[in-house]
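Trainee: model this:
(one chain, ligands or ions: 1)
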Amino acid sequence: MRNMIDALQWRYATKVFDANKKLTAEQSDLLLEAVRLSPSSFGIQPWRVIVVTNPEIRERLRQAGYGQPQITDASHLIVFVTKKNLSDSDVDEFIALTANTRGVSASGLEGYGGMIKQSLSGKSEEKRIEWASRQAYVALGVLLAIAAHEGIDACPMEGFDPSAFDEILGLSEKGLTTCVVATVGFRSEADQTARFPKVRFSQEELIKKVE
Ligand SMILES: Cc1cc2nc3c(=O)[nH]c(=O)nc-3n(C[C@H](O)[C@H](O)[C@H](O)COP(=O)(O)O)c2cc1C
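Mentor: Okay, here's the model as predicted:
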């Protein structure tokens, strides 16, 4: 297994992808499975992922992404979207899945479902989206770490107009909205930023211990 710290040193937010280098189906499946297995608050996974392969749509998305070339040139464009108005029916769906997966009765999980519903009912639509986005960012982090581990390059991106993405991908009518994007593929030799030293604050600065 590749040393994880080496992998995190190796990775960088790729600016120039080699448009000719594509992920294999196995690599793509592995990354998407890692995303699927990501943890979330209550386990409800209030996000979905859209993998955009259509070149014309990717070109339009690039325009909505301030022209950033990764959007068209990376092997894969992965768009994390969140549910706009999480409702009791989303909770019921999750509770049914849990009951089914674990072979228990849904009625035995009523208390848990009620707790999730209560937590959501105290939030405005805006706050629900914000909360759902936090869960999507956890999945994004997992994707970035696993990609690095596998020697696959990626660039996390929030430099785009979310409402334009929503429109191009037809998300609003599905009750979804764009959260964050990951472009995934392989770096081009021409990408100078790959050679830039990593800029990070020291552990002393970032991590405080309460002992
Ligand atoms: C949530 C998020 C959004 C980002 N958005 C963009 C983006 O739109 N375009 C871009 O080139 N880099 C983007 N970045 C990359 C960061 O600038 C980069 O991760 C940071 O400078 C640290 O550098 P490194 O990842 O190369 O180590 C984003 C990073 C994160 C985590």
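Trainee: Show me what from this structure comes close to the ligand.
Mentor: By C-beta under 6 Å from any ligand atom, the residues of the chain that approach the ligand are 12-13, 15, 68, 155-159, 180, 198. (Glycine included, C-beta is placed from N, CA and C.)
Trainee: switch the cut-off to 8 Å
Mentor: Selection of the chain residues close to the ligand by C-beta under 8 Å from any ligand atom yields 11-15, 65-66, 68, 70, 137, 140, 144, 155-160, 180-181, 193, 196, 198-200.
Trainee: Which ones among the residues you listed map onto strands?
Mentor: Judged by DSSP state E, the subset of those located in strands is 155-157, 180-181.
Trainee: among those, who's most crowded?
Mentor: Val181 (27 neighbours; other C-beta atoms under 10 Å).
Trainee: looking at it, that one is touching Ile78, isn't it?
Mentor: Yes: contact criterion C-beta atoms under 8 Å: Val181 and Ile78 qualify, at 6.8 Å.
Trainee: Tell me, how many residues neighbour Glu189?
Mentor: Counted with other C-beta under 10 Å, the neighbours of Glu189 add up to 8.
Trainee: For it, give me its contacts.
Mentor: By C-beta atoms under 8 Å, 6 or more residues apart in numbering, the contact set of Glu189 is Asp18.
Trainee: what does Ile57 give?
Mentor: Under the criterion of C-beta under 8 Å, 6+ apart, the neighbours of Ile57 are 168-169.
Trainee: try 10 Å
Mentor: By C-beta atoms under 10 Å, 6 or more residues apart in numbering, the residues touching Ile57 are 77, 168-169.
Trainee: same thing with Lys22?
Mentor: Going by C-beta under 10 Å, 6+ apart, Lys22 touches 28, 74-76, 185-186.
Trainee: Tell me what the nearest residue to Leu144 once chain neighbours are set aside is bridged to.
Mentor: In this structure, Leu144 finds its nearest non-sequential neighbour in Ala154, 5.5 Å apart by C-beta to C-beta, 6 or more residues apart in numbering. Beta-bridge pairing of Ala154 under DSSP bridges involves Ala13, Val184.
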